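1. no sequence on this one, just coordinates:
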C-alpha cells in the first residue's frame, strides 16, 4: 500500500508518497506538474544504469519526454564543478521556468539537482525520486539543497522545496547493504531525537528493517518521514526546532572532512558515529544519563555502524583539527560551537556556545590526539 504524507508549508506544501511500485507510476504522478510534457532527469551513472530504463518507460507511457543529465556517482559530484556541469546541460536543453527537473538518485543527486533547480533561471520546479534509504528518510524531504566546498560540507546551498517526493521501497532491493546501514543511521536518529517509542521499536525490529522485510521497512520509512515533515512544517528554514535533525552531524561532518568525503566513510556512517559521540558528550557534561548513552550506542552498533573514533578510517584524529572543522559548521554562530545534545533517549535540544576546549578534551578521551 502507498502511504501519503503531507509536508504542510502553505503555498509550498507537497506530498511524499511511500510504498512499493512507485517508480512504475512516476509518469502519472509527475505529469500533473508539467506544463510541457518533458522533464530533465538528473541522475548518476549507477542509478541510471540500474533503473533509468524503467523510469523512462514509466514517464514515456504518460507522454513525457525524458532528457537524462547523468553525473558521476559519489560526493565529488556535489561540487561547484558538478553544479556547473549540470546547469550547463540544463541550459543546453533549453529548459524554461515552466519546466520541471526530476532528481533521481541518492542524497548527492537530490542535493545537486535541487540546488541547480533553485538557481536555474532564478528557480525552476523539481521533484524527488530518492533511491537510497538515507535519501528517502532524510535529504529528499524538507527542501535543503547544497553543494560541498573545500572548507566543508553543504556550505553553499538554498532552501528549495520539491513539488513531489516518490519514495519507492522496491528500489531499495538493489541497494548495497552498506548503504542500507548508512541510511538506517538517519532512521534511528528520529527515535533518538524525539520519539522514544520509535527508538524502542527499532531496538526490536531494526534487523527486519535492514533485511528489507516489507512491513518493517515501510513503517520505518514512513515514521521517519512523518517526523521530518512535522518538524519542517514548523520550522522550514532551521531557525529553531529543525536544527534537532542535525543530531550527530556536527561530529559527523568533521569526520567526513577529515576523511575527504569519499567512500572510506559514508555520510550515514559518519552520522552514526556522531550520534553516539553526541550522547556520550552529553553524558560527560552531566546532561544525560550514562546508561542512555550506552543504550544509544548499542542500538547503533547493532546495525553494524561505527560508534567510536577508533572505528572510523583515519583514526587517530587530531582533536584540534576536528574542532576547527566544527567551527566551520553552518550551525556555528560568531565562532561559537553549536551541537545537538541529549537529556535522554528521545529528548534532545540545541546547545549553543558549547565550549571548544571541552569538546577537544572529550575527543582526546575518545582517542583523538
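-> Cool, the structure landed. Note that the structure is a prediction, hence the values are computed from the model and not measured. Numbers count the residues shown, from 1 in each chain.
2. just so I have it, where are all the strands in the stretch 51-200 of the chain?
-> Using DSSP state E, counting those that start in this stretch, the strands found in the stretch 51-200 of the chain span residues 65-71, 100-105, 125-130, 144-149, 152-159, 164-168.
3. Please produce JSON lines containing those strands, extended by distance to residue 40, mean pLDDT and mean neighbour count.
-> C-beta: built from backbone N, CA, C; applies to glycine. Below are the strands of the stretch 51-200 of the chain laid out as JSON lines (distance: least, CB to CB, whole Å; pLDDT from 0 to 100; neighbours: other CB atoms under 10 Å):
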{"stretch": "strand 65-71", "distance to residue 40": "5", "mean pLDDT": "98", "mean neighbour count": "19"}
{"stretch": "strand 100-105", "distance to residue 40": "5", "mean pLDDT": "98", "mean neighbour count": "28"}
{"stretch": "strand 125-130", "distance to residue 40": "9", "mean pLDDT": "98", "mean neighbour count": "26"}
{"stretch": "strand 144-149", "distance to residue 40": "16", "mean pLDDT": "94", "mean neighbour count": "22"}
{"stretch": "strand 152-159", "distance to residue 40": "18", "mean pLDDT": "91", "mean neighbour count": "18"}
{"stretch": "strand 164-168", "distance to residue 40": "15", "mean pLDDT": "98", "mean neighbour count": "26"}
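4. Figure out which of those is closest to residue 81.
-> Between residue 81 and the strands of the stretch 51-200 of the chain, the tightest spacing by CB to CB is seen for strand 144-149, at 9.3 Å.
5. Show me what that closest one is packed against.
-> Here strand 144-149 touches helix 80-92, helix 107-119, strand 152-159, going by 3 or more CB pairs under 8 Å, 6 or more residues apart in numbering; DSSP states H and E.
6. repeat that for 10 Å
-> Packing partners of strand 144-149 (3 or more CB pairs under 10 Å, 6 or more residues apart in numbering; DSSP states H and E): helix 80-92, helix 107-119, strand 152-159, helix 249-259.
7. Residue 355 is nearest to which of the strands of the stretch 51-200 of the chain?
-> Nearest to residue 355 among those is strand 152-159 (21.0 Å), distances taken as CB to CB.
8. and stretch 185-197, how far from the chain's centre?
-> Here the centre of stretch 185-197 is set off from its chain's centre by 14 Å, with CA atoms, centre = their mean, to the nearest Å.
9. now swap in stretch 16-23 and tell me
-> Distance, centroid of stretch 16-23 to centroid of chain: 18 Å (CA atoms, centre = their mean).
10. With stretch 79-95 instead?
-> 23 Å.
11. outside of that stretch, which residues touch it?
-> Residues from elsewhere that reach stretch 79-95, judged by CB atoms under 10 Å, 6 or more residues apart in numbering: 36, 38-40, 42, 67-72, 74-77, 99, 101, 108-109, 112-113, 115-117, 119-121, 124, 146-150, 156, 261.
12. quick one: buried residues of that stretch?
-> 79, 82-83, 85-87, 89-90, 95 (16 or more other CB atoms under 10 Å).
13. so residue 261 sits in a helix?
-> No. Residue 261 is assigned coil when assessed by DSSP: H, G, I helix; E, B strand; the rest coil, not a helix.
14. Sheet-wise, list the partners of the worst-scoring helix or strand of the chain on mean pLDDT with their directions.
-> Least confident helix or strand of the chain, by mean pLDDT, DSSP states H and E, is strand 152-159 with a mean of 91. Paired strands of strand 152-159, with direction, are strand 144-149 (antiparallel) (DSSP bridges).
15. between the partner strand and helix 249-259, how many degrees?
-> 30 degrees (axes from the mean of the first three to the mean of the last three CA atoms, to 10 degrees).
16. and the angle from strand 144-149 to helix 107-119?
-> Using the same axes, to 10 degrees: strand 144-149 against helix 107-119 is 110 degrees.
17. still on that earlier bit, need the strands of the stretch 51-200 of the chain in CSV (columns: distance to residue 266).
-> CSV is the format used below for the strands of the stretch 51-200 of the chain (distance: least, CB to CB, whole Å):
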stretch, distance to residue 266
strand 65-71, 18
strand 100-105, 15
strand 125-130, 15
strand 144-149, 14
strand 152-159, 13
strand 164-168, 19
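18. mind checking which of the ones you listed is nearest residue 319?
-> Smallest distance to residue 319 across the strands of the stretch 51-200 of the chain (CB to CB): 17.7 Å, for strand 152-159.
19. Relative to residue 114, how far out is residue 124?
-> When distance is defined by CB to CB, to the nearest Å, residue 124 is 11 Å away from residue 114.
20. and for those two, which residues touch both?
-> Shared contacts of residue 124 and residue 114, counting by CB under 10 Å, 6+ apart, come down to 101, 160.
21. starting at the chain centroid, how far to stretch 18-36?
-> The chain centroid and the centroid of stretch 18-36 are separated by 22 Å under CA atoms, centre = their mean.
22. so where's the longest helix in the protein?
-> Counting by DSSP state H, the longest helix found in the chain is helix 214-234.
23. so it versus strand 152-159, what angle?
-> Going by the same axes, to 10 degrees, helix 214-234 makes 70 degrees with strand 152-159.
24. For helix 214-234, name the packing helices and strands.
-> If you count contacts as 3+ CB pairs under 10 Å, 6+ apart, helix 214-234 packs onto strand 3-7, strand 14-19, helix 133-134, strand 164-168, helix 177-194, helix 196-210.
25. Which stretch among those is buried most, on average?
-> Burial of those is given as mean neighbour count (mean count of other CB atoms under 10 Å); helix 133-134 ranks first at a mean of 28.
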